[in-house]
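>>> quick one, fold the following:
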Amino acid sequence: MKRRTLKTPASLLRLGVAFLTLALGPVCAHADFTAREDVSAFIEEISARNGLDAAPIYVALSRASYLPRVIDLITPPTKRGARSWHRYRSQFLSRTHIEGGLKAWAQYESELRRAEKQYGVPPEIILGILGVETIYGRNTGNFEALSALATLAFDYPPRAELFRGELESLFLLAREQNRDPASYFGSFAGAIGWPQFLPSSIRRYAVDFNGDGKIDFDNDAVDAIGSIANYLREHGWTAGAPVAARVRLLPGTNPAPLIAAGIEPSLSKEQLLEAGIRPLANALPSDSEATLVDLETPGVDTEYWLGYRNFYVITRYNRSSFYAMAVFQLADTLRTGRDGGNIEIAPQKPTATSKASPGAKATKPSKTKSPAPRKKSSPAKRAKRP
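Here you go, the predicted structure:
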């Protein structure tokens with residue numbers, strides 16, 4: 001009988017992984033990624049490019065699981081529902097988000113001040129992102145990042161290239177942090193820890209803000225605070241510049257061409273005024289270029305805002321005008337509360353009866369008096385997973 005020859009190192013590694021899978025039995029009953037030619041090619045490619053040992057990568061991916069739920073969550077719905085700014089806003093301008101943000105501000109006051117001094121990003125914006133992303137570390141996600149990214153890298157063709165890059169970054173991050181690549185947890189899309197950074201962003205923008213010699217997004221708010229501020233600065237945040245301003249439209253104004261100009265600010269003050277855009281306040285807060293943002297809610301007149309460069313920078317964190325406005329409005333509410341003013345809790349079930357024309361005084365939602373700022377206490381370590 002002619003003996004079969006194993007022609008490549010990859011075939012030897014796959015054979016070894018196969019024996020390991022059999023030895024582990026039911027633990028590895030899921031489909032083995034490493035049995036696939038595209039996965040094997042990926043491993044060989046990233047190993048050669050980065051000087052990584054291929055064998056541990058084969059073993060790690062042999063233990064990774066295909067996660068159907070990840071595909072379900074990332075796949076756009078076949079029939080999109082109507083956009084609703086009020087519904088979206090109510091998720092993040094809740095009592096939980098506001099009170100949690102004020103408590104976090106009190107607890108991490110000195111770290112937030114230091115981040116502002118170093119990076120130019122005010123505390124309320126940092127907290128706005130932490131609040132929207134994870135409710136200040138409460139909901140960081142429980143998907144194993146290795147399995148989630150492998151599922152998306154090899155079984156979600158629309159964004160396979162992006163997620164293969166993130167999977168590669170995860171293996172590099174694990175090497176740099178001397179961690180098991182299966183020890184990272186986060187969202188279904190592979191975003192990790194308090195600030196929900198993808199692995200490539202951790203490697204590029206994360207900072208050891210507490211100076212303990214490591215970056216810890218699982219348990220440490222301080223590293224997250226510094227890293228968010230650094231991320232925004234690196235994407236163009238300008239200290240002291242405005243973020244957004246509510247505007248109204250003169251009768252007969254057609255906003256469609258202005259909205260179609262895109263999310264990146266490109267409209268001059270003169271263009272906006274000539275097109276029929278007017279400030280709600282006495283004047284626009286800046287002469288800088290802006291974008292016109294439409295916030296639609298079924299049954300309610302659309303809100304219109306100008307987004308300036310700093311608004312655009314927030315969309316580099318999540319490329320959604322709804323997201324950036326939620327961060328901005330949560331941040332603005334936290335600043336008001338921190339300064340001792342009355343703060344508004346977003347209604348949880350807005351109805352069409354609240355309809356008002358742009359610029360009209362809306363019915364005020366419930367208010368709560370902000371708690372007095374507390375003295376800073378030592379940061380408490382949080383559990384790895386909620």
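
>>> what segments of the stretch 251-386 of the chain are helices?
256-259, 269-275, 309-315, 321-338 (DSSP state H, counting those that start in this stretch).

>>> closest to residue 101 out of those?
helix 321-338 (4.5 Å; Cβ to Cβ). To be clear about C-beta, it is placed using only N, CA and C from the backbone, and glycine gets the same treatment.

>>> list the helices and strands that closest one packs on?
Other elements packing on helix 321-338 under the criterion 3 or more Cβ pairs under 8 Å, 6 or more residues apart in numbering; DSSP states H and E are helix 85-92, helix 95-107, helix 123-134, strand 244-249, strand 291-297, strand 300-307, helix 309-315, strand 342-344.

>>> state the mean pLDDT of it.
Helix 321-338 comes out with an average pLDDT of 97.

>>> in it, which residues are buried?
Buried positions in helix 321-338, judged by neighbour count with 16 or more other Cβ atoms under 10 Å: 321-338.

>>> just to revisit the earlier point, with residue 181 as the reference, name the closest of the helices of the stretch 251-386 of the chain.
Among those, helix 321-338 comes nearest to residue 181, with 28.6 Å by Cβ to Cβ.

>>> can you list the residues that contact that closest one?
83, 85, 88-89, 91-93, 97-98, 101-102, 105, 122, 124-125, 127-129, 131-132, 243-244, 263, 293-295, 305, 307, 311-312, 314-315, 317-318, 342-344, 370-371, 373 (Cβ atoms under 8 Å, 6 or more residues apart in numbering).

>>> now do stretch 254-261
Against stretch 254-261 from outside (Cβ under 8 Å, 6+ apart): 249, 267, 272, 275, 277, 291, 292, 293, 294, 304.

>>> wouldn't the last one be in contact with residue 244 here?
This means residue 304. No: Residue 304 is beyond contact range of residue 244, at 10.7 Å (criterion: Cβ atoms under 8 Å).

>>> quick one on the thing from earlier: as a markdown table, the helices and strands packed on helix 321-338 with distance to residue 145, mean neighbour count and mean pLDDT would be great.
Formatted as a markdown table, the helices and strands packed on helix 321-338 follow (distance: least, Cβ to Cβ, whole Å; neighbours: other Cβ atoms under 10 Å; pLDDT from 0 to 100):
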| stretch | distance to residue 145 | mean neighbour count | mean pLDDT |
| --- | --- | --- | --- |
| helix 85-92 | 24 | 19 | 97 |
| helix 95-107 | 24 | 19 | 98 |
| helix 123-134 | 15 | 26 | 98 |
| strand 244-249 | 33 | 19 | 96 |
| strand 291-297 | 32 | 20 | 97 |
| strand 300-307 | 32 | 20 | 97 |
| helix 309-315 | 24 | 23 | 98 |
| strand 342-344 | 35 | 17 | 82 |
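
>>> hey, which helix or strand in this structure has the poorest pLDDT?
strand 367-369 (a mean of 39; mean pLDDT, DSSP states H and E).

>>> who's in contact with the closest residue to residue 237 other than its chain neighbours?
Closest residue in space to residue 237, ignoring its immediate chain neighbours: residue 313 at 4.9 Å, by Cβ to Cβ, 6 or more residues apart in numbering. When contacts are counted by Cβ under 8 Å, 6+ apart, residue 313 is found next to 232, 235, 236, 237.

>>> filter the residues you listed down to the ones in helices?
Among the contacts of residue 313, DSSP state H puts residue 232 in helices.

>>> could I get the contacts of residue 313 as CSV with neighbour count, distance to residue 143 and pLDDT?
Output for those, formatted as CSV (neighbours: other Cβ atoms under 10 Å; distance: Cβ to Cβ, whole Å; pLDDT from 0 to 100):
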residue, neighbour count, distance to residue 143, pLDDT
232, 24, 26, 98
235, 15, 26, 98
236, 11, 31, 98
237, 23, 30, 98
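
>>> low-scoring pLDDT stretches of the stretch 1-150 of the chain, where are they?
Scanning the stretch 1-150 of the chain with the threshold set as pLDDT under 70 gives 1-31.

>>> all helices of it, in order?
Here the stretch 1-150 of the chain has its helices, by DSSP H, counting those that start in this stretch, at 9-24, 37-50, 54-63, 68-74, 85-92, 95-107, 109-119, 123-134, 145-155.

>>> picking that back up, what is in contact with residue 304 and residue 244 at once?
Counting by Cβ under 8 Å, 6+ apart, the residues touching both residue 304 and residue 244 are residue 293.

>>> residue 234 against residue 205, yeah?
Yes: distance between residue 234 and residue 205: 6.0 Å, which falls inside the contact criterion (Cβ under 8 Å).

>>> these two: who's more crowded?
Remark: of residue 234 and residue 205, residue 205 carries more neighbours, 19 against 14, as counted by other Cβ atoms under 10 Å.
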